[in-house]
Every structure is written in structure tokens, then in C-alpha cells.
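[1] Please find the sequence and the predicted model below.
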Amino acid sequence: MEIDRAALAAFLRRRRELLQPEDVGLPRGPRRRTVGLRREEVAELCHMSTDYYARLERERGPQPSESLIASMAQGLHLSLDERDHLFRLAGHAPPVRGTGAVGEHISPGLLRVLDRLDDTPAEVVTELGETLRQTPLGVALTGDTTGFAGPARSIGYRWFTDPGTRALYEPADHAFLSRMFVSGLREVATLRGPGSRASHYAELLLARSDEFRDLWDRHEVGIRPHHVKRFVHPEVGALELNCQTLLDPDQSHRLVVYTAVPGSESHERLRLLAVIGPRALR
């Protein structure tokens, strides 16, 4: 496949012009004259330099890598069909889709909801508990969980391999959470089949954790999270937060939102956490 520079440039310009600041959680401001987003705003959303992005819109520069195209597709809030089109314009085969092929491209609809939750702890996670995106207050609550690599991206994997993962959760809930993570991994491994990432994680944990091995042998399934999650935050203390989940069935992604009962002690502590900000767990 060869890059189609003219078509790629035209597609990028059109997508940029169609996006409004409020679509991506940015303030419009009183002096905005640009139709849609500015190039520097799109570049920031796509995690690339403004100069590089501008060259692509001008039919110049080197061919973007597959990872960069994936980042651009996410930053531009493209649908899966639009993402695949962008890959082809850039001279790459799009990621595989279909049964068992669970990607990391967050749908535009889910992103729009997340972008409007800037005053609420929220995150988008995969079926394996891998965090794809967090709100700032989500980072303040649990730390930045998007930066892990390999199997450690999954909270279920970290739960059994990194003791520090459990420190954020009420100790009385640890036994239940262990069962829940094992149950969830078994269900996904069965759904996706041998050779899947879920099966690989299970094999790794069977070799590394006696606790995981004992729970795996129980063959428990269907253990679902409690509606209220209890956290022990190092800065603000104990938090009891209601957990609501919005599912994107096409990508098996979940938008998880944490809220506190108004007037409760947890509500006041969550407000304090908003003041402290994401620096709290650094």
C-alpha cells in the first residue's frame, strides 16, 4: 500500500474542520475564528507536534507510522470505519476487526461522554481492565494507570503481581476483589479462546501467584463488581463511591464513572481531591 498524500491531507483537514472545541472538552473562547479546531489543538489531541501535523495537511513530511495513525484516529474522534479509512490513506492495513479482535480505539460517543466528565473520576477500560483514558479526577483518585506496559496494563494482573496495587482498596474487600478478577479473566479467556491475550495473562498468573492458582481452580464465573467501591486514598482517606458503567459492545470497552452521595463524607473528600488534583498520587 502506498500513502495517498492528497487524499490524506484533505481527509485530515475536513475532520479537523468538523470537530468543535466542545466536542473534545476544550473551551471555545470569545475570539475563535477558526472553522472547527486549530491545527495545534488537533496536534495536542493526537500527541504529535504541530509542525508534523501541519505538514501532513500540506501533503508533505514522512509517512506516519501505524502507531501514529492510531493516535490520530483517536485524537480526531473517528469512528472505526473512519479509522480504517485513515489507515489506508496513510498506506497501512487497518487493524483487524471481528469476533475476538478487541481493539483499543475508543468510540467517538464514549469519548464525548468522557470529555464532559472533567469534574468526576472516570475512566475507559478494556474487558481486561486495561485503562485507555482517564479524567483528571480519575488520575487523582487511582493514579495514572494508562502508563503501564505489557500484562501490567491489566489491573487484574497487577492485583496478583504488585502488592502496591491493593493499597488503594479497603482491606476488607481484598478477598472479594481477588475472586472477582479471577472470575472475570476466566470468562474473557473462554470467550476469546486459546491464544488470546486473556489466556496468556492467565498462564502467566498461574505460574506466578499461588493465590491466583487456588482461585482459578475454583472455576468461579459471574462474580460482578459491587455497586459501591471502597477506596483508601493516601491524601483524603476513605472513600465510598458509587460505580456506574456504560458499555460499548462493539469494542468491549467500559466507561466507568465514580460518584459520591451528595452531602456524604465521601462527597466532601471527593471535592477535596478535586482541589488536590492529579499530583496526589505522583
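    Thanks, I have it.

[2] Next SSE downstream of the helix or strand containing Thr190?
    Applying DSSP states H and E as the criterion places Thr190 in helix 174-192. Using DSSP H and E, the helix or strand that follows helix 174-192 towards the C-terminus is helix 197-208.

[3] on contacts alone, who are the packing partners of the next helix-or-strand element following that following helix?
    Using DSSP H and E, the helix or strand that follows helix 197-208 towards the C-terminus is helix 210-216. If you count contacts as 3 or more CB pairs under 8 Å, 6 or more residues apart in numbering; DSSP states H and E, helix 210-216 packs onto helix 174-192, helix 197-208. Just so you know, the C-beta spots here come from the backbone N, C-alpha and C atoms, and that holds for glycine as well.

[4] Run through who's touching helix 210-216.
    By CB atoms under 8 Å, 6 or more residues apart in numbering, the residues outside helix 210-216 that reach it are 160, 178-179, 182, 186, 202, 205-206.

[5] among those residues, which two are most distant?
    Farthest apart among those by CB to CB are Arg179 and Leu206. That separation is 15.9 Å.

[6] so which of the contacts of helix 210-216 is the most crowded?
    Highest neighbour count within the contacts of helix 210-216: Val182, with 28 neighbours (other CB atoms under 10 Å).

[7] Now do the same contact list for it.
    Neighbours of Val182 in contact, by CB under 8 Å, 6+ apart: 156, 212, 215-216, 218, 220.

[8] For the stretch 1-150 of the chain, give me the ranges with low pLDDT.
    Low-confidence segments of the stretch 1-150 of the chain (pLDDT under 70): 97-102.

[9] can you give me the end-to-end distance of stretch 117-129?
    Stretch 117-129 has an end-to-end distance of 20 Å (CA to CA, to the nearest Å).

[10] what ranges do the helices span in the stretch 1-150 of the chain?
    Counting by DSSP state H, counting those that start in this stretch, the stretch 1-150 of the chain has helices at residues 5-18, 39-45, 50-57, 66-75, 80-89, 108-115, 136-142.

[11] Next, the buried residues of the fifth one.
    Okay, so that is helix 80-89. Neighbour-count burial for helix 80-89 flags 80, 83-89 (criterion: 16 or more other CB atoms under 10 Å).

[12] start to end distance for stretch 56-76?
    From its first residue to its last, stretch 56-76 covers 14 Å (CA to CA).

[13] do the same with stretch 124-139
    From its first residue to its last, stretch 124-139 covers 12 Å (CA to CA).

[14] So what touches that stretch?
    The list of residues contacting stretch 124-139 from outside it, by CB under 8 Å, 6+ apart, reads 102, 104, 106, 110-111, 114, 117-123, 142, 144-146, 153-156, 181, 184-185, 188, 197-198, 201, 252-256, 258, 270, 273-274, 277-278, 281.

[15] Which among the residues you listed count as buried?
    Buried subset of the contacts of stretch 124-139 (neighbour count, 16+ other CB under 10 Å): 102, 106, 110-111, 114, 117, 120-123, 142, 145, 153-156, 181, 184-185, 188, 197-198, 201, 252-256, 258, 270, 273-274, 278, 281.

[16] I'd like to know which elements the lengthiest strand in the chain is packed against.
    For the chain, the strand with the greatest residue count under DSSP state E is strand 237-248. Helices and strands touching strand 237-248, by 3+ CB pairs under 8 Å, 6+ apart, are helix 108-115, strand 228-233, strand 253-259, helix 265-276.

[17] thought Gly91 was touching Met1?
    Yes. The criterion here is CB atoms under 8 Å, and Gly91 meets it with Met1 at 4.6 Å.

[18] Look at the two and report which has more neighbours.
    Neighbours per residue, other CB under 10 Å: of Gly91 and Met1, the larger number sits with Gly91, 16 against 10.

[19] Now do the contacts for the closest residue in space to the more buried one that isn't next to it in sequence.
    Spatially, and ignoring its direct neighbours in sequence, Gly91 is nearest to Ile3 (3.7 Å; CB to CB, 6 or more residues apart in numbering). Counting by CB under 8 Å, 6+ apart, Ile3 makes contact with 63, 89-91.
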